[in-house]
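Q: I would like to see how this sequence folds:
(one chain, ligands or ions: 1)
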Amino acid sequence: MSSELRDKQYDVIIIGAGFGGMYALHRLRKLGYRVRVLEAADGVGGTWYWNRYPGARCDVESLEYSYSFDDDLQQQWDWPERFSAQPDIEKYANHVADRFDLRKDIQFSTRIASAEFDNEEASWTIRSVDGDTFTSQYLVLAVGNLSLPRVPDFPGLNEFKGRWFHTGQWPKETVDFSGRTVGVIGTGSSGIQLIPIVAQQAKHLYVFQRTANYSVPAMNRPLAADVAAKHKAQYRTWRDNAKSTPFGIAGHAPPEKFAADDEFEQRRRLFEEKWETGGNISFLYAYKDLLTNEQANDMACDFVRDKIRGTVKDPSTAELLIPNDHPIGTKRLCLDTNYYETYNRDNVSLVNVRKAPIESVTVNGLRTTEAEYPLDDLIFATGYDAMTGAILDIDISVKGGARLEDAWRDGPKTYLGVMVNGFPNMSIITGPGSPSVKTNMISAIEQHVDWITDLVEHMSSKGKAKFQAQPDAQENWVQHVNEVADSTLYPKANSWYTGANIPGKPRVFMPYVAGLDKYRKICDDVAKDGYRGVTIE
Ligand code: NA7
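A: Below you'll find the model as predicted:
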């Protein structure tokens, strides 16, 4: 065997150098495992590497959306804003990579094409699109939940003579929209963050909206030194408290009242208070039944609808911006700065592409069934093949056996969101069937990495070669995930949580919405019970 080949044999291969992959590398390497991270980008940060569009900002407060595993790190790092913007989060990811000397074990600019497990050898063979080959006992998929961008299949895009962009693949160079006529397709979180910024530069901005979304104000502001210092003095308590909450966020106490416990005026006052506080958790924590009871949810919807009517001066534009097809919070509740206000600008037009759908991109712009819009630039804020897209983008299989794409043909099936029956020694960080996107992602990542690391340690201590989910444990888990989702209003929305944004994708509600606190306890109990539901041999 050549030394080059020997060098490419590892205990653990991790795909992805976002927050999940970086922490997994740090934990596993510290325990003495030979670990290699393979990353498609030329830098760390994952989502926060790719999403560098103007206005990109996290919707969880930075003092909480940050690693908790190292006290010196959390004490020494200073966040400039309450909800930090992409450049600051990417800076933080780079700082973590340097501080813990992670780069030496990350191979950048390496996109993975396939991973095949050999049952005889109990090892994975991982191949990059450039033909590099690696082997390892364990495979950790840290590919992210929103990392396969989706550009709708409009005819004519190749002929468009202007510039076009997707928010999730934004160039590193600053893009200047001054003096240009710009079109944005999509009014999810990305569009809602980007639109107010581009509107300030563009000569004219056309927003092509198919479905209106709810958005609440971020009330973002610089993070005051005394606020940060107070938080840091209690950091351990904050982090511990976060662990016992459903969203992995300690800053907002879970609500105790039902919406019907209050009279109309009291409710309005509370919604107003939440609106002024800013943030989506703050708002959704107004009442404990907002996401489970339609009447309660309607009350919150009405409040936001009135806010939109009160902000947007042109009544027909306001009506078009008012969501009417899903309960609030059942799609990601967007956070904005001056989103609705932007429609009061003379240089911004809202185009209803539900009524007159986009037909094609033309040489000079975009054509709907009603009109053609000349554009210099076209921005796709059209989202992702979420939760499963980046996993299935890799051809994952077992030698002489199953392919993950086939196993998941009717939707993703996992045990605890972490592992898949038939695919030994593979674990997923924040996979479908885990709380993932319905929580503070960094809390979810740390919980998953710790749990997976403990499992690997357990295997080593017992001298075992393989683990995999048992079929009935997996079936029961999938059923449980569905039952929990069905007890809420979430399945009522056509959202990326259910795969509804991808034509032909099976409709399955993918995140586990019982809360990170309950999920953590289940995972801990499974481990204590000798990894119940997992075959270890
Ligand atoms: P989202 O939330 O999936 O939003 C995508 C938007 O693009 C949404 O408004 C879609 O309208 C619109 N879209 C997609 N395809 C089309 C076509 N063909 N025509 C018109 N409009 C279209 O993606 P984001 O990037 O904004 O946010 C993803 C997550 O990142 C977010 O939830 C946060 O967690 C962070 P539709 O609703 O499908 O009618």
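
Q: could you use CA atoms for every contact and neighbour count after this?
A: Will do.

Q: stretch 135-152 near the ligand at all?
A: Yes. Looking at stretch 135-152 against the ligand by C-alpha under 6 Å from any ligand atom, the contacts come from residue 152.

Q: quick one: the strands in the stretch 301-450 of the chain, in order.
A: Using DSSP state E, counting those that start in this stretch, the strands of the stretch 301-450 of the chain run over residues 334-336, 348-352, 358-361, 365-368, 372-374, 377-380, 395-398, 426-428.

Q: let me have the ones you listed in CSV, adding distance to residue 499 as columns.
A: Converted to CSV, the strands of the stretch 301-450 of the chain look like this (distance: least, C-alpha to C-alpha, whole Å):
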stretch, distance to residue 499
strand 334-336, 18
strand 348-352, 23
strand 358-361, 21
strand 365-368, 25
strand 372-374, 30
strand 377-380, 18
strand 395-398, 20
strand 426-428, 18
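
Q: the ligand is nearest to which of the ones you listed?
A: Closest to the ligand of those, according to C-alpha to the nearest ligand atom: strand 358-361, at 6.4 Å.

Q: quick check: can you name the pairing partners of the closest one and their directions?
A: Here strand 358-361 has these sheet partners by DSSP bridges: strand 365-368 (antiparallel).

Q: in JSON lines: the strands of the stretch 301-450 of the chain, plus distance to residue 311 and mean neighbour count.
A: Formatted as JSON lines, the strands of the stretch 301-450 of the chain follow (distance: least, C-alpha to C-alpha, whole Å; neighbours: other C-alpha atoms under 10 Å):
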{"stretch": "strand 334-336", "distance to residue 311": "13", "mean neighbour count": "25"}
{"stretch": "strand 348-352", "distance to residue 311": "15", "mean neighbour count": "19"}
{"stretch": "strand 358-361", "distance to residue 311": "28", "mean neighbour count": "19"}
{"stretch": "strand 365-368", "distance to residue 311": "28", "mean neighbour count": "20"}
{"stretch": "strand 372-374", "distance to residue 311": "27", "mean neighbour count": "17"}
{"stretch": "strand 377-380", "distance to residue 311": "25", "mean neighbour count": "22"}
{"stretch": "strand 395-398", "distance to residue 311": "48", "mean neighbour count": "20"}
{"stretch": "strand 426-428", "distance to residue 311": "43", "mean neighbour count": "26"}
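
Q: which of the ones you listed sits closest to residue 212?
A: strand 348-352 (9.6 Å; C-alpha to C-alpha).

Q: what packs against that closest one?
A: Contacts defined by 3 or more C-alpha pairs under 8 Å, 6 or more residues apart in numbering; DSSP states H and E place strand 348-352 against strand 204-209.

Q: and the strand it packs on, what does it pack onto?
A: Short answer (3+ C-alpha pairs under 8 Å, 6+ apart): strand 204-209 packs on strand 181-185, helix 189-201, strand 348-352.

Q: let me know which of these is tucked in deepest.
A: strand 181-185 (a mean of 25; mean count of other C-alpha atoms under 10 Å).

Q: partner strands of that strand, with direction?
A: In the sheet, strand 181-185 lines up with strand 204-209 (parallel), strand 377-380 (parallel) (DSSP bridges).

Q: my guess is residue 11 contacts residue 35. True?
A: Yes. Using C-alpha atoms under 8 Å, residue 11 is in contact with residue 35, at 6.0 Å.
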